[in-house]
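> 3D, please:
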Amino acid sequence: MNSIDALYAGFVSTLPPELLPLARVLPHALGLAPVEQATWSEVFSQAVTLEAPRLIAPAFPAVQPEQLRSAVLGHALSVIEAFGTDRIADGQVRASLELTTLLVALRRARDTILEGLAPGFGEVARAADRETNEGILEENALLKRLGAATFEEYARISLAKQAVGFPASVALARATGAGERVEAMVRRALAGVWLGLQFEDDAIDWEDDWRRGGGAWAVSLARRRLEAVRDQRADERPTEPDLVRRRVHRMGILYSMLRAARHQYRTAWRYARLLQAGPLVRWTEQRLARLDTVIPLERRHAGYVVRAMKLAPWAKEVLT
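Modelled structure (predicted):
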């Protein structure tokens, strides 16, 4: 069993009996997996998503195994809870008393774990919850009204949404005696990771997001770019899929989003090297190498990144 799955199973075993069935199938219940047997390691292809403290742990020579386990579990519970809250907020999952109770249990367990790791970090995590929820609400409001957005606004809201991704790793740094300078570098490295993943995923998934009716960042960014060049059609809000797609492609939005993702990964790579966090250095190098292949193709053939992702399952089956 993957380490994150073992840690989650251990957490589930502490829950009241009435929450056990839902907790065991939570990836499926949140619509993140097609089968009830799916594990968290199968849902998230990037280990950093649920195990960020593990990738950055080599920066802390004094770290103890139990400290690392606590940080990883605290981080995972925080991220899982945030995904659940997000999917309820955008209507992809129906809220129920049982689900709400389980999400509260995740938050409370997370708070207890982080408080034990580094006093004061239970409250830090709760503040991050509030910032994340505010970011989610602001994003949903902007995208649903088809509002125009600058890349600066996009980055600000996206970083707010990712606030829950910081406390556990910073708590680990604090627990191992790292100073403020190291904690600041941890934050900068993780900001690059979270924003890079967000920008890349939003570029790849924008058509699916649009079809679900919740809006898409690519559309809002394209509309703002039209306004910036004083296009007379800037006030139009097309809803036909082909018209929306043409606008996004014509304005080179996906190319810009991927370039922004690369910049963030590069920032994460620099700080990971300064921290001597080898696993995170290697992870960012892999993301940079992938984008160095994709970005030129997206520049020459607008929409390439979306088409490539849609064809990936077919290519894997046919060509291997």
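
> Next secondary structure element downstream of the helix or strand that contains Glu183?
Assessed by DSSP states H and E, Glu183 sits inside helix 180-211. The first helix or strand that comes after helix 180-211 along the chain, using DSSP H and E, is helix 217-228.

> Quick one: mean pLDDT for that following helix?
Averaged over helix 217-228, pLDDT sits at 90.

> Can you mark which positions in it are buried?
Trp217, Ala218, Val219, Ser220, Leu221, Ala222, Arg223, Arg224, Arg225, Leu226 (16 or more other C-beta atoms under 10 Å). (C-beta placed from N, C-alpha, C; glycine too.)

> do the same with stretch 300-314
By 16+ other C-beta under 10 Å, the buried positions in stretch 300-314 come out as Ala302, Gly303, Tyr304, Val305, Val306, Ala308.

> Need the residues that contact that stretch.
Stretch 300-314 has contacts (C-beta atoms under 8 Å, 6 or more residues apart in numbering) with 203-204, 206-207, 245, 248-250, 252, 254-255, 258, 294, 297-298.

> again, but for stretch 284-297
192-193, 196, 200, 255, 258-259, 261-262, 265-266, 268-269, 272, 304-305, 308.

> Drop anything exposed from these.
192-193, 196, 200, 255, 258-259, 261-262, 265, 268-269, 272, 304-305, 308.

> And the furthest pair within those?
Ala272 and Tyr304 (28.4 Å; C-beta to C-beta).

> related to what we said a few turns ago, remind me what the helix holding Glu183 packs against, helices and strands.
Helix 180-211 is packed against helix 47-56, helix 151-161, helix 167-175, helix 217-228, helix 241-250, helix 253-275, helix 278-300, helix 304-319, with contacts defined by 3 or more C-beta pairs under 8 Å, 6 or more residues apart in numbering; DSSP states H and E.

> and of those, who's closest to Val93?
Per C-beta to C-beta, nearest to Val93 of the helices and strands packed on helix 180-211: helix 151-161, 16.9 Å.

> what comes into contact with that closest one?
For helix 151-161, contacts defined as C-beta under 8 Å, 6+ apart pick out 86, 131-132, 134-136, 138-139, 142, 191, 194-195, 198-199, 217, 220-221, 256, 260.

> one more time with 10 Å
The contact list for helix 151-161 (C-beta atoms under 10 Å, 6 or more residues apart in numbering) reads 82, 86, 128, 130-139, 142-143, 147, 149-150, 165-166, 191, 194-195, 197-199, 202, 217-218, 220-221, 224-225, 253, 256-257, 260, 264.

> which stretches of the stretch 1-150 of the chain have low pLDDT?
1-2 (pLDDT under 70).

> Helices of that one, start to end?
With DSSP state H, counting those that start in this stretch as the criterion, the stretch 1-150 of the chain has helices at 3-12, 20-24, 26-29, 40-43, 47-56, 65-89, 97-117, 121-144.

> Those: which one's closest to Pro279?
Nearest of the helices of the stretch 1-150 of the chain (C-beta to C-beta): helix 47-56, 4.3 Å.

> What's the separation between Gly74 and Ala155?
Relative to Ala155, Gly74 is positioned 26 Å away (C-beta to C-beta, to the nearest Å).

> ugh, wrong one, Asn133
18 Å.

> got a list of what Arg69 touches?
Taking C-beta under 10 Å, 6+ apart, we find Arg69 in contact with Ser3, Ala6, Leu7, Gly10, Pro53, Arg54, Ile113, Leu117.

> cool, and Leu258?
Neighbouring residues of Leu258 by C-beta under 10 Å, 6+ apart: 196, 199-200, 203-204, 290-291, 294-295, 297-299, 304-305.

> I'd like to know which of those residues are buried.
Gly196, Phe199, Glu200, Ala203, Ile204, Leu291, Val294, Ile295, Glu298, Tyr304, Val305.

> biggest separation within the residues you listed, which pair?
Largest separation among the buried ones among the contacts of Leu258 by C-beta to C-beta: Gly196 and Tyr304, giving 18.7 Å.

> follow-up on the earlier one: quick one: which of the contacts of Arg69 is the most crowded by neighbours?
For the contacts of Arg69, the largest number of neighbours (other C-beta atoms under 10 Å) sits with Pro53, at 29 neighbours.
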